[in-house]
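**Q** Mind looking at a prediction? Sequence and model below.
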Amino acid sequence: MKRRDFLTGIGAASLSAASYRRVRGANDRLGMALVGSGRRGREVMKAFLATSRARLSSLCDVYDVQRGRAKEALLAAGESVHETSALEEVLGRNDVDAVLIGSPDHLHLTQTLACLKAGKHVYLEKPTSHHFEEGAAFLAAAKQFGKVIQTGTQQRSGAHYRRAKEEIFAKGKLGKVIFARAIWHDFPWQRRKIAPQDKPAGLAWERFLGPAPKVPYEWIRYDSWRYFPDYGGGLLADILTHWADVAQWMMDEIRPVNAVATGGIYQLNDGRVNPDTVNAVLQYSSGWNLTFESSVLPIRNERPGVFFEGTDGTLELTRAEYVFTPNKGDVQVVKAEGSLEIAHATNFLDAVKTGGKPSADLATGIAACNPVHLAKAAYWQKKRMKFAPSGAKIIADV
């Protein structure tokens with residue numbers, strides 16, 4: 001399943017503005033702001049609107065064209081919404097109760113802290129942190145302000161994922177798990193040819209840079225920010241985050257012992273810095289390895305997910321289903337039910353309403369980034385890397 005298919009199962013009617021205005025009046029729905037209204041932000045906001053329990057109060061993006069695309073995708077004809085490039089305007093509004101942050105990774109910490117200080121709940125797209133050292137600041141702010149924070153690893157709200165945890169792993173049906181293999185390839189939006197262009201009048205370049213190094217404007221840095229370590233971690237952040245979270249959840253372990261990684265730009269010499277193809281191996285203290293491979297290149301990949309190999313059987317766990325194959329006995333197949341996006345949005349809304357803990361709280365999101373940061377360090381340092389005994393930094397494992 002490709003990322004563009006995340007919303008498979010949500011019918012067009014359920015995403016229409018008319019449908020989410022039905023059932024509940026405006027005053028019964030959570031007022032939300034979308035901050036970062038690119039492709040991913042729009043997909044997640046559609047899921048919130050499809051619940052009929054949220055309304056879009058404000059749009060915030062550094063580029064006016066993206067705000068226009070979001071209005072077209074999310075609002076009915078003639079419907080208006082507050083829009084701005086300034087986050088501070090959004091956070092001063094009384095009709096915004098929660099903020100969906102779909103911005104590039106390097107803006108996650110500063111924007112989350114600003115939202116929490118303003119008294120807003122936060123749904124934060126993954127990866128939670130851009131740098132390993134940010135984790136402590138995230139957790140301190142969550143403790144200080146006490147707002148609901150949901151991170152964007154939507155598998156945590158999937159019923160068949162919970163069943164796999166309860167019915168396979170909790171009961172030890174795989175025996176001793178030795179390998180968890182994670183694969184996901186073929187991302188066409190990361191293969192686009194990005195031609196240079198003059199800075200659009202409606203692009204707030206300095207706001208896009210935020211805490212990143214101050215560099216002169218280049219269109220490719222904005223339009224394909226995932227290509228650059230200043231703004232995103234590439235495949236080791238975008239993709240490994242999801243599958244490492246699944247593996248760590250199932251295996252009850254949140255921090256690898258060490259990591260090695262290799263890869264490079266094998267075909268797409270188009271100005272990118274992050275690799276177009278990468279492999280990583282992460283070792284865990286209880287005696288199992290997570291192996292990861294991913295490429296943006298068009299490699300056939302019909303069933304991306306995590307494949308667990310144990311002494312008593314195997315489990316293939318994808319967003320569509322899980323397939324348990326014991327060494328002795330019958331194969332068991334459990335299909336997914338409904339949309340993971342809507343389930344995750346609903347879980348967040350429930351947590352805001354009840355004050356409960358969301359399925360992918362901030363601590364979960366930080367833990368999902370542990371293997372990401374370790375693998376990134378191993379890739380760039382070209383060494384096996386580990387966490388220091390203090391747990392506060394990443395060092396070479398020599």
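**A** Right, received. Where do you want to start?
**Q** can you give me the helices for the protein?
**A** 12-15, 17-21, 39-50, 64-74, 87-91, 108-117, 134-145, 159-163, 205-209, 219-223, 235-238, 240-251, 340-354, 362-381 (DSSP state H).
**Q** For those helices, give me TSV that also has mean pLDDT.
**A** Output for the helices of the chain, formatted as TSV (pLDDT from 0 to 100):
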stretch	mean pLDDT
helix 12-15	35
helix 17-21	38
helix 39-50	98
helix 64-74	97
helix 87-91	98
helix 108-117	98
helix 134-145	97
helix 159-163	98
helix 205-209	98
helix 219-223	98
helix 235-238	97
helix 240-251	98
helix 340-354	98
helix 362-381	98
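**Q** could the ones you listed go into a markdown table alongside mean neighbour count?
**A** All C-beta spots, glycine's among them, are computed from the backbone N, C-alpha and C. Output for those, formatted as a markdown table (neighbours: other Cβ atoms under 10 Å):
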| stretch | mean neighbour count |
| --- | --- |
| helix 12-15 | 12 |
| helix 17-21 | 15 |
| helix 39-50 | 22 |
| helix 64-74 | 17 |
| helix 87-91 | 19 |
| helix 108-117 | 21 |
| helix 134-145 | 16 |
| helix 159-163 | 17 |
| helix 205-209 | 17 |
| helix 219-223 | 17 |
| helix 235-238 | 26 |
| helix 240-251 | 25 |
| helix 340-354 | 20 |
| helix 362-381 | 24 |
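**Q** right, so of these, which gets closest to A259?
**A** helix 362-381 (4.2 Å; Cβ to Cβ).
**Q** Report the angle between the closest one and helix 134-145.
**A** In terms of direction (axes from the mean of the first three to the mean of the last three Cα atoms, to 10 degrees), helix 362-381 departs from helix 134-145 by 160 degrees.
**Q** closest to N327 out of the helices of the chain?
**A** Nearest of the helices of the chain to N327, taken as Cβ to Cβ: helix 240-251 at 18.6 Å.
**Q** mind checking pLDDT for I168?
**A** I168 carries a pLDDT value of 98.
**Q** pretty sure G232 contacts P104?
**A** Yes - between G232 and P104 there is a contact at 5.9 Å, judged by Cβ atoms under 8 Å.
**Q** shared neighbours of the two, which are they?
**A** The overlap between the contact sets of G232 and P104 (Cβ atoms under 8 Å, 6 or more residues apart in numbering) consists of W225, R226.
**Q** Can you add distance to L56 and give the helices of the chain back as JSON lines?
**A** Shown next, in JSON lines, are the helices of the chain (distance: least, Cβ to Cβ, whole Å):
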{"stretch": "helix 12-15", "distance to L56": "13"}
{"stretch": "helix 17-21", "distance to L56": "9"}
{"stretch": "helix 39-50", "distance to L56": "7"}
{"stretch": "helix 64-74", "distance to L56": "6"}
{"stretch": "helix 87-91", "distance to L56": "12"}
{"stretch": "helix 108-117", "distance to L56": "16"}
{"stretch": "helix 134-145", "distance to L56": "23"}
{"stretch": "helix 159-163", "distance to L56": "27"}
{"stretch": "helix 205-209", "distance to L56": "21"}
{"stretch": "helix 219-223", "distance to L56": "24"}
{"stretch": "helix 235-238", "distance to L56": "25"}
{"stretch": "helix 240-251", "distance to L56": "26"}
{"stretch": "helix 340-354", "distance to L56": "13"}
{"stretch": "helix 362-381", "distance to L56": "23"}
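**Q** Out of the ones you listed, the one nearest V81 is which?
**A** helix 64-74 (6.4 Å).
**Q** out of everything not next to it in sequence, what's closest to R192?
**A** S224 (6.9 Å; Cβ to Cβ, 6 or more residues apart in numbering).
**Q** likewise Y266?
**A** T277 (4.8 Å).
**Q** Show the contacting residues for that neighbour.
**A** T277 neighbours (Cβ under 8 Å, 6+ apart): L235, G263, G264, I265, Y266, Q267, S294, S295, V296, L297.
**Q** redo that, cut-off 10 Å
**A** 185, 235, 262-268, 293-297, 299 (Cβ atoms under 10 Å, 6 or more residues apart in numbering).
**Q** Ok, A247 next?
**A** 177, 179-182, 240, 253, 256, 282, 284, 288-292, 306, 308, 317, 368, 371.
**Q** Put the buried members of the residues you listed into a PyMOL selection.
**A** Buried residues within the contacts of A247, by 16 or more other Cβ atoms under 10 Å, are selected in PyMOL with:
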select buried, resi 177+180+181+182+240+253+256+282+284+288+289+290+292+306+308+317+368+371
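**Q** Do you know the pLDDT at G78?
**A** For G78, pLDDT reads 86.
**Q** er, T325 actually
**A** 98.
**Q** Wait, it touches T314, no?
**A** Yes - look at T325 against T314 with Cβ atoms under 10 Å: they come within range, at 4.9 Å.
**Q** For these two, list the residues in contact with both.
**A** By Cβ under 10 Å, 6+ apart, the residues touching both T325 and T314 are L174, V331.
**Q** mind listing what the residue lying closest to E88 once chain neighbours are set aside touches?
**A** Nearest residue to E88, sequence neighbours excluded (Cβ to Cβ, 6+ apart): A114, at 7.5 Å. Counting by Cβ under 10 Å, 6+ apart, A114 touches V35, L87, E88, V90, L91, V99, I101, K120, V122, A141.
**Q** before we move on, what about G41?
**A** Counting by Cβ under 10 Å, 6+ apart, G41 has contacts 34-35, 59-61, 66, 70, 74, 100-103, 125.
**Q** any idea how far A114 is from it?
**A** 17 Å (Cβ to Cβ, to the nearest Å).
**Q** now swap in V372 and tell me
**A** Distance from V372 to A114, by Cβ to Cβ: 23 Å.
**Q** Same question for R181.
**A** Relative to A114, and taking Cβ to Cβ, R181 is found at 39 Å.
**Q** Excluding chain neighbours, what is closest to the one residue sitting closest to the centre of the chain?
**A** When the chain is reduced to its mean C-alpha position, the closest residue under Cα atoms, centre = their mean turns out to be K126, at 2.6 Å. Distances taken as Cβ to Cβ, 6+ apart put G152 closest to K126, at 4.2 Å, once the chain neighbours are dropped.
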